[in-house]
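**Student:** have a look at this fold, sequence not included:
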């Protein structure tokens, strides 16, 4: 009986020692696996960081190229604008020379004092249409090369800017009538507004203002 009692602690000790060894082995195994996972994650993080650095480098390179392209586009646009400005200037000078070289054949004046353009209006009255029709008949009887310049004028009542626009509308009304009713080619007509800047009579009187509200049609050869 005593031998059995003594044997029990020995067995228990053996079992306890075996369990301790198993636990240590288990811990070492798990720690190793965790270390492997940590190392793998560290490598993955480093790889991601490297890819991010490379991506940032490519983005920076793309930004630099885009900025350079934008500068080139801006320079090209500026050059194009400058060329367009020079072309417009050259065209204006050529037109001035062309006008200076033309000879005035005759002119027709459509003024409000003759029952035409009313105060503040751009509508083409019937009396003005009749005078235009007669002018066209005269052109048909003399079929030489011609060019028509149409000037719009106003009196000095009201805002100068409004008067300039009104003069333009009056001249445009004559141009449209010539084109729509007499098929005068658009490229053979030029419209310009002088507004209130070129009066033919003092604006101090009603009759003077009526004379200044006019459209002048100049036929040039």
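**Tutor:** Arrived safely, thanks for sending. Values in this document were obtained by computation on a predicted structure and should not be read as measured data.
**Student:** remind me which residues of this protein are low pLDDT?
**Tutor:** Applying pLDDT under 70 to the chain flags the ranges 1-35, 38, 84-85, 87-101, 113-118, 143.
**Student:** where do the helices of this structure begin and end?
**Tutor:** Under the criterion DSSP state H, the chain carries helices at the ranges 2-101, 126-141, 160-182, 206-212.
**Student:** let me see the contact set for residue 145.
**Tutor:** Contact partners of residue 145, counting by C-beta atoms under 8 Å, 6 or more residues apart in numbering, are residue 221. Using the backbone N, CA and C atoms, a C-beta is placed for each residue, glycine as well.
**Student:** could you measure the nearest residue to residue 123 once chain neighbours are set aside against residue 136, distance?
**Tutor:** Nearest in space to residue 123, with sequence neighbours left out and distances taken as C-beta to C-beta, 6 or more residues apart in numbering, is residue 173 at 7.0 Å. Applying C-beta to C-beta, to the nearest Å, the value for residue 173 to residue 136 is 16 Å.
**Student:** comparing those two, which residue is more hemmed in?
**Tutor:** Between residue 173 and residue 136, counted using other C-beta atoms under 10 Å, residue 173 has the larger neighbour count: 22 against 17.
**Student:** so that one makes contact with residue 124?
**Tutor:** Yes: using C-beta atoms under 8 Å, residue 173 makes contact with residue 124 at a distance of 4.5 Å.
**Student:** neighbours of residue 218, how many?
**Tutor:** The burial count assigned to residue 218 is 18, neighbours taken as other C-beta under 10 Å.
**Student:** same question, residue 54
**Tutor:** 10.
**Student:** same deal with the one 4 residues further on?
**Tutor:** Counted with other C-beta under 10 Å, the neighbours of residue 58 add up to 10.
**Student:** ok, now which ones touch residue 105?
**Tutor:** Counting by C-beta under 8 Å, 6+ apart, residue 105 touches 142, 146, 219, 220, 221.
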